[in-house]
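# Sequence first, predicted coordinates after that:
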Amino acid sequence: KNFSISINQSHQYYFYNNFTCNNNNNHQNSFFKKNYSTYNLISKSINNSIIKSFGENQINVIITTTNFAQTKADLQTNVALNLQRSLNLSAEHIAQQIVDNFDLNSQDIIEKIEISKSKKQSSSGFINIFLKPSWLIKRVFEIANQDIKNSFINVPKKKILIDFASPNMAKELHAGHLRSTVIGDCIARCLEILGHSVSRISHVGDFGTPLGIVLLQAENSNANFLKMLINECNQFKSINHEQALKIAIKCIPTTTQLTELYIQGKSQSTKDIKFQNGAQQICLIIQQILANIPKLDDYQMNVNEAIWYIGWIAVCEASRRAFEQTFQTLGVVVNEKGESTYASMLESTVNELINKNILIESQGAICAFENEKTNQFPILVKKSDGGFLYAATDLAALKFRISQKYDWIIYITDASQATHFTTIFNIARKANWIPIENNFEKIKIDHITFGLVKDKTGKRLKSREGVGEALLSLLLDEAYKKSIEALSNPNRIDEKNQNQNQNQNQNQNTNINNLFYSQQTLEKRAQILAIASIKYFELLHQRQSDYIFDPEKMISFKGNTALYILYAFARCN
């Protein structure tokens, strides 16, 4: 069900038609047939009620997952809305007739159906479907007793790329990266267990202004790592790539230094145009050096430009180490392939699109317009000073990925990037990058979006230009502390000891040594519980909906939480 939440109905349809059976293959896998016949049986039952109510022929009844927190239902259909025009009746009346004439005794899957009462749905024509717990339990055991990998042994294997996590170098991970990372990992695991070849890619931002801001601020504040770097560089008249790497490895700043430099530099750039231009100039120097990647081993840099290039390597390495540590903590595997990977492709990619009249010049910059008639929603690709923006690297990356003959390319970001990626994909289509066969695109390209993470007041968690409650490290720390509290008081499991628990909770100096496990074991288990709770809480929510980051609810013995499931599992064993 989490997978259904992660991928919408059209993706499920694509799975069914392209990743499993085809009409020319007599697929005998009973596990697969049972899985997908569920939707068929539900659809058929709804159809029978439609025929009984209105005498209509069978129609395509689309069954979708729901936002369980709002509807409390397992599945939903909007078939009543689709029948309004042909029946010339209101959706509410049609839905009511379908519900009234539905035969619960004709099947053993559905417990009840009812018209949705969700306030967020403008029409009451939606029908909620509730599955029988007994049937769900039976299906879970059927799946658990199957070797899933062997069950899908005959499924055609696909080559898939998932672009997720993708933080910016020189900045800390924040709440949005949590969602992208957990959802991306979930989808990757589902595809991998089916036997598909999955490339997990983090398209890190290692090419943009934040790096210029940090490096210029490091120069202005006489930062130690940059002083050391400059001293090393001054020993040479010119510097090649190999020498640059050796110098950079000696001068890596700490993540704390990076955070401080970014906060100070970001503040300065908002009020000082000279600083802003200086940071952009540094980025341009780095981009020009990286454009020579195919011949970088032979490329000789003068000391002035080498300082910024080596600083860039050092800052990226510091960020990389911090990211890898967080991903390791979350138990997520993802391979870095940042914007700079495509640096040598940028000029030729942009020129190709200009020659095809897809990109145009506007006020000295190169851009594309989502609405070409009104010139609205411009997406800048290249600045008037010659610097490339992330739209350019996204285009070059997509072109490269298509050339690698992937069957499916998936991007996972927050919903605010929807217009951007729609434009990027449309440009790729206009450029004829996506191969066509029998009038269909041979490569499926999708942008999977997610909602915001909010605080307890309902406001968006913000990193406040690099600091604050939205930073992922702080969220992980908070979850860890709550896990320590939960595991430090085992009596809270028992509702009979509720009063005793309250008294114990008031005593902040709980003596851990009096518990049935050591301090070391407690900390290890708290770490496991914190990560499990964060991941479960993330996947529990409808992907496209916002949710409130609440450690109290996340790490609780009551309700739909990872802690409750782990506790129940421990009791069963």
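Perfect, thanks for sending it.

# What mean pLDDT does stretch 256-267 get?
Stretch 256-267 carries an average pLDDT of 91.

# in it, what's buried?
257-266 (16 or more other C-beta atoms under 10 Å). For the C-beta atoms, the positions are set from N, CA and C on the backbone; glycine is no exception.

# And stretch 269-283, by the same measure?
For stretch 269-283, by 16+ other C-beta under 10 Å, it's 269, 275-276, 278-280, 282-283.

# Max pairwise distance over these: which two?
Pairwise distances across these peak at 13.1 Å for 275 and 283 (criterion: C-beta to C-beta).

# how much space is there between residue 45 and residue 553?
Here the criterion is C-beta to C-beta, to the nearest Å. By it, residue 45 lies 36 Å from residue 553.

# dump the residue contacts of residue 458.
For residue 458, the contacting residues are residue 548, by C-beta atoms under 8 Å, 6 or more residues apart in numbering.

# For it, what are phi and psi?
Per-residue torsions, residue 458: phi 90, psi 10 (degrees, to the nearest 10).

# Repeat that for residue 106.
phi -90, psi 0.

# That one - nearest residue in space that isn't next to it in sequence?
Nearest residue to residue 106 in three dimensions, chain neighbours excluded: residue 45, at 6.5 Å (C-beta to C-beta, 6 or more residues apart in numbering).

# Residue 398 now?
residue 428 is the one closest to residue 398 (C-beta to C-beta, 6+ apart), at 5.5 Å.

# repeat for residue 195
residue 157 (5.4 Å).

# circling back to that earlier point, make a markdown table out of the buried residues of stretch 256-267 and add distance to residue 412 and secondary structure.
Formatted as a markdown table, the buried residues of stretch 256-267 follow (distance: C-beta to C-beta, whole Å; DSSP: H, G, I helix; E, B strand; the rest coil):
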| residue | distance to residue 412 | secondary structure |
| --- | --- | --- |
| 257 | 30 | helix |
| 258 | 25 | helix |
| 259 | 25 | helix |
| 260 | 30 | helix |
| 261 | 29 | helix |
| 262 | 25 | helix |
| 263 | 28 | helix |
| 264 | 32 | helix |
| 265 | 29 | helix |
| 266 | 26 | helix |
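
# just those now: which is nearest residue 250?
Residue 250 lies nearest to residue 257 out of these, by C-beta to C-beta, at 15.1 Å.

# ok, that closest one - contacts?
Contacts of residue 257 by C-beta under 8 Å, 6+ apart are 223-225, 318.

# what sits up against stretch 405-416?
Residues contacting stretch 405-416 (C-beta under 8 Å, 6+ apart): 18, 158-164, 166, 176, 179-180, 183-184, 187, 199, 398, 401-402, 421, 442-452, 544.

# repeat that for 7 Å
158-164, 176, 180, 183-184, 187, 401, 421, 443-451, 544 (C-beta atoms under 7 Å, 6 or more residues apart in numbering).

# on that earlier part again, could you give me the PyMOL selection string for whichever of the contacts of residue 257 are buried?
Typed into PyMOL, the line below selects the buried ones among the contacts of residue 257, using 16+ other C-beta under 10 Å:
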select buried, resi 223+225+318
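
# re earlier: from the contacts of stretch 405-416, which ones fall inside strands?
159-163, 444-450 (DSSP state E).

# and after the helix or strand harbouring residue 44, which helix or strand comes next?
In this assignment (DSSP states H and E), residue 44 forms part of helix 30-54. Next helix or strand after helix 30-54 toward the C-terminus (DSSP H and E): strand 64-65.

# any idea how far residue 441 is from the residue lying closest to residue 164 once chain neighbours are set aside?
The spatially closest residue to residue 164, leaving aside those adjacent along the chain, is residue 184, at 2.5 Å (C-beta to C-beta, 6+ apart). Counting by C-beta to C-beta, the gap from residue 184 to residue 441 is 23 Å.

# Okay then, goodbye and thanks.
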